[in-house]
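In: Okay, sequence plus prediction incoming.
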Amino acid sequence: MKEFAITTIDNPFNPFEKFNEWMLFDEEQGYNTCSYLARITKLKDNFTEIEINNEIERAIDVIIDNDFTNMYKKLSRNAKE
């Protein structure tokens, strides 16, 4: 299974590897990407891990599809078992 993250093209940190540094850079720039992603996702308490992952990917795709500045990009990696 793949897992997904969103970032901006100027953020030098990988959110999978250095989340704290990634988040600090993101917030210092005023992007607040995590909050933006949270507003778009439609998670439910009874979602399975696969459903959560699918919903996060869907929300990331919505953000990117509506990004007229082309500042966001989607990252993926194989999920750790």
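Out: Right, received. Where do you want to start? Numbers count the residues shown, from 1 in each chain.

In: what's the following helix or strand after the helix ranked longest in the chain?
Out: Determined from DSSP state H, the single longest helix within the chain is helix 49-65. Sequence-wise, the next helix or strand downstream of helix 49-65 (DSSP states H and E) is strand 72-78.

In: any idea which element residue 6 lies in?
Out: Per DSSP H and E, the secondary structure element for residue 6 is strand 2-8.

In: Now do whatever helix or strand comes next after that strand: which elements does it pack against?
Out: Using DSSP H and E, the helix or strand that follows strand 2-8 in sequence is helix 19-28. Applying 3 or more C-beta pairs under 8 Å, 6 or more residues apart in numbering; DSSP states H and E, one finds that helix 19-28 contacts strand 2-8, helix 33-40. For every residue, glycine as well, the C-beta is placed using N, CA and C.

In: what's the angle from helix 19-28 to strand 2-8?
Out: Relative orientation of helix 19-28 with respect to strand 2-8: 40 degrees, computed using axes from the mean of the first three to the mean of the last three C-alpha atoms, to 10 degrees.

In: how far off helix 33-40 does helix 19-28 point, in degrees?
Out: For helix 19-28 against helix 33-40, the angle between stretch directions is 80 degrees (the same axes, to 10 degrees).

In: tell me which residues of helix 19-28 are tucked away?
Out: By neighbour count with 16 or more other C-beta atoms under 10 Å, helix 19-28 contains the buried residues 22-23, 25-26.

In: Now those in TSV, please, with extra columns for pLDDT.
Out: As requested, those are exported to TSV (pLDDT from 0 to 100):
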residue	pLDDT
22	98
23	98
25	98
26	98
